[in-house]
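A.B. asks: quick one, what's the 3D model for this:
(one chain, ligands or ions: 2)
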Amino acid sequence: MKDFGASSDLPVVAIVGRPNVGKSTLVNRFIGRRATIVEEMPGVTRDRKSLDAEWNGRRFIVLDTGGWIDTDEPLAHQVSLQAERAIREADVLVMVVDVMVGVLEQDSAIARILQRAGKPVLLVVNKVDDEKRELEIWTASSLGLGVPFPVSAIHGRGSGDVLDAVVAELPPEPEVPDTGGPDDHLFAIAIVGRPNVGKSTLFNRIVGDERSVVHDMPGTTRDTIDTVVETPEGPLRFIDTAGMRRRSRVDENAEYYSVVRALQAVDKADAALLVIDAQQGVSHQDQRLGERIDAAGTAIVIVMNKWDLIATEDRPQVLADVYDRLGFLSYAPVLKISALTGRSLKDVLPALRQAEEAYHARVPTAALNKVMRELQQKHPPPLDRKHRTRILYATQGASEPPTFTIFATRPLPPSYLRYIERSLREEFDLGPTPIKIRVRQRAS
Ligand code: GDP
Ligand code: GDP
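C.D. replies: Ligands and ions are numbered 1, 2, ... in the order given. Predicted coordinates for the structure are as follows:
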């Protein structure tokens with residue numbers, strides 16, 4: 001879990017500029033919409049205001065340097081001091097000018113100091129409240145701080161673009177593998193599916209199992225609760241479970257299982273249990289959800305629930321239907337269970353364990369290239385404009401999910417990539433995880 005208390009080692013973004021250009025308004029914009037105020041930190045000095053902000057998942061401190069100018073000294077001098085101090089304290093500098101007033105000598109003075117900063121500087125032309133004003137931003141180009149960003153801090157116009165640019169200029173995130181304790185790295189599972197398919201019943205069956213010890217913890221997504229289930233084979237983390245816990249069913253609202261929420265959970269998850277009502281069959285929405293899980297690179301176990309309601313003679317047809325409609329998830333196991341009666345529930349945790357193993361699988365390079373050679377011998381890649389494509393070698397560049405890079409003399413058609421995927425799955429027992437294959441072209 002993120003620790004919002006310790007902000008000291010976060011990168012600092014300073015907002016610099018003459019009085020009244022709109023620095024404070026811009027700061028509020030930065031920490032307001034979409035970005036989140038986490039805490040207001042008492043600064044080192046009383047005049048200093050620094051606020052915790054977050055954008056695109058990056059956290060940083062915004063320093064409003066406006067308060068640094070409030071003495072009786074000449075303004076020009078104060079403004080230079082402000083800029084120099086900002087350079088010392090910040091990783092990224094945002095200079096603000098006012099389009100209504102235009103570029104003044106004080107602005108130029110600040111710009112000259114910032115140019116020597118040796119740190120990234122972004123130039124914001126503020127109070128561009130409408131398109132007409134946008135034509136005037138170019139006067140600010142003379143400041144020599146690059147292409148200006150037109151912004152209306154008061155209306156929010158353009159502030160997202162500035163934040164994107166700010167985040168892009170932040171120093172790389174320090175690699176802290178273990179910020180929030182071991183539970184952060186538990187294999188995480190999202191239980192998803194349409195309303196009434198039996199997600200809650202299934203979840204409560206899993207946590208209600210007497211073999212398991214359960215505790216709730218702050219979720220991977222803001223304002224959510226996750227549940228960690230201790231199983232004999234180790235702990236598993238279930239994502240966003242508040243709405244599924246028995247005791248909170250009362251205040252469940254219809255929104256709870258909204259698609260958006262399910263997709264958020266899927267994005268945070270290592271594996272998804274896609275629960276389908278066997279009686280209803282695979283719906284369009286189930287297909288969409290399956291596609292998203294696949295695209296997110298999340299391992300997947302398909303659960304046909306309410307199997308108790310399917311007459312024996314209908315079962316083959318129901319299954320055929322699943323394989324047909326979810327054919328693109330052919331790597332995923334299909335469990336036939338009844339969360340209500342407990343039928344085949346014992347298969348769920350092992351299936352998740354298998355998904356976990358597959359998701360983390362690493363194929364040694366030598367073995368991988370042996371298989372690549374063999375599969376080429378069996379079926380050589382098709383001709384590409386009369387040229388024979390050759391696969392030179394392959395590596396597994398990443399896991400979670402397993403991701404392979406193939407170096408080939410020419411592009412490989414989708415049919416051949418599917419053949420490669422099938423072969424890799426068979427040879428390396430990759431199981432219920434999506435795998436990714438990238439092809440890089442190389443001269444032989
Ligand atoms: P600072 O002294 O640089 O921090 O400037 P403030 O944020 O206090 O803003 C100075 C004045 O400009 C205030 O009256 C703001 O309401 C106004 N202001 C700030 N941003 C905008 C904007 O985008 N458009 C317009 N029209 N006014 C703005
Ligand atoms: P959710 O909205 O996906 O969480 O679904 P619930 O867990 O609330 O279940 C919806 C309804 O389906 C409830 O009335 C459950 O009792 C019922 N149900 C859940 N699992 C099964 C099952 O395996 N068989 C049968 N017959 N009913 C089930």
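A.B. asks: only C-alpha atoms from now on, for both contacts and neighbour counts.
C.D. replies: Noted.
A.B. asks: pLDDT-wise, which helix or strand of the protein ranks last?
C.D. replies: Sorting the helices and strands of the chain by mean pLDDT, DSSP states H and E puts strand 40-42 at the bottom, at a mean of 39.
A.B. asks: the very next helix or strand once past that one close to ligand 1?
C.D. replies: Sequence order places strand 49-55 as the next helix or strand after strand 40-42, per DSSP states H and E. No. Counting by C-alpha under 6 Å from any ligand atom, no contacts exist between strand 49-55 and ligand 1, the nearest distance being 11.2 Å.
A.B. asks: quick one: list the elements packing against strand 49-55.
C.D. replies: helix 23-31, strand 40-42, strand 58-64, helix 159-169 (3 or more C-alpha pairs under 8 Å, 6 or more residues apart in numbering; DSSP states H and E).
A.B. asks: okay, the angle between it and strand 58-64?
C.D. replies: Angle, strand 49-55 to strand 58-64, by axes from the mean of the first three to the mean of the last three C-alpha atoms, to 10 degrees: 150 degrees.
A.B. asks: so what strands line up beside strand 49-55?
C.D. replies: strand 40-42 (antiparallel), strand 58-64 (antiparallel) (DSSP bridges).
A.B. asks: contact partners of the next helix or strand after the longest one?
C.D. replies: On the C-terminal side of strand 58-64, the nearest following helix or strand under DSSP H and E is helix 75-89. By C-alpha atoms under 8 Å, 6 or more residues apart in numbering, the list of residues contacting helix 75-89 from outside reads 12, 14-18, 65, 68-69, 71, 93, 106, 109-110, 113-114, 117, 119.
A.B. asks: ok, the helix or strand just after helix 75-89 near ligand 1 or not?
C.D. replies: Later in the chain than helix 75-89, the nearest helix or strand by DSSP H and E is strand 92-98. No. Residues of strand 92-98 are not located near ligand 1 by C-alpha under 6 Å from any ligand atom, the shortest gap being 7.7 Å.
A.B. asks: show me what the helix or strand just after strand 92-98 is packed up against.
C.D. replies: Using DSSP H and E, the next helix or strand after strand 92-98 towards the C-terminus is helix 105-115. Judged by 3+ C-alpha pairs under 8 Å, 6+ apart, the packing partners of helix 105-115 are helix 75-89, strand 92-98.
A.B. asks: flag every buried residue along helix 105-115.
C.D. replies: By 16 or more other C-alpha atoms under 10 Å, the buried positions in helix 105-115 come out as 106-112, 114.
A.B. asks: give me the phi and psi for the spatially most central residue of the chain.
C.D. replies: Central residue of the chain (C-alpha atoms, centre = their mean): Asp267, 6.5 Å from the mean position. Here is the backbone geometry of Asp267 (degrees, to the nearest 10): phi -60, psi -30.
A.B. asks: so who does it touch?
C.D. replies: 293, 296, 298.
A.B. asks: how about Pro402?
C.D. replies: Contacts of Pro402 by C-alpha under 8 Å, 6+ apart are 358-362, 396, 433-436.
A.B. asks: those residues in helices, which ones?
C.D. replies: The members of the contacts of Pro402 that map onto helices under DSSP state H are 358-359.
A.B. asks: now, of the contacts of Pro402, which are buried?
C.D. replies: Judged by 16+ other C-alpha under 10 Å, buried ones among the contacts of Pro402: 358-362, 396, 433-436.
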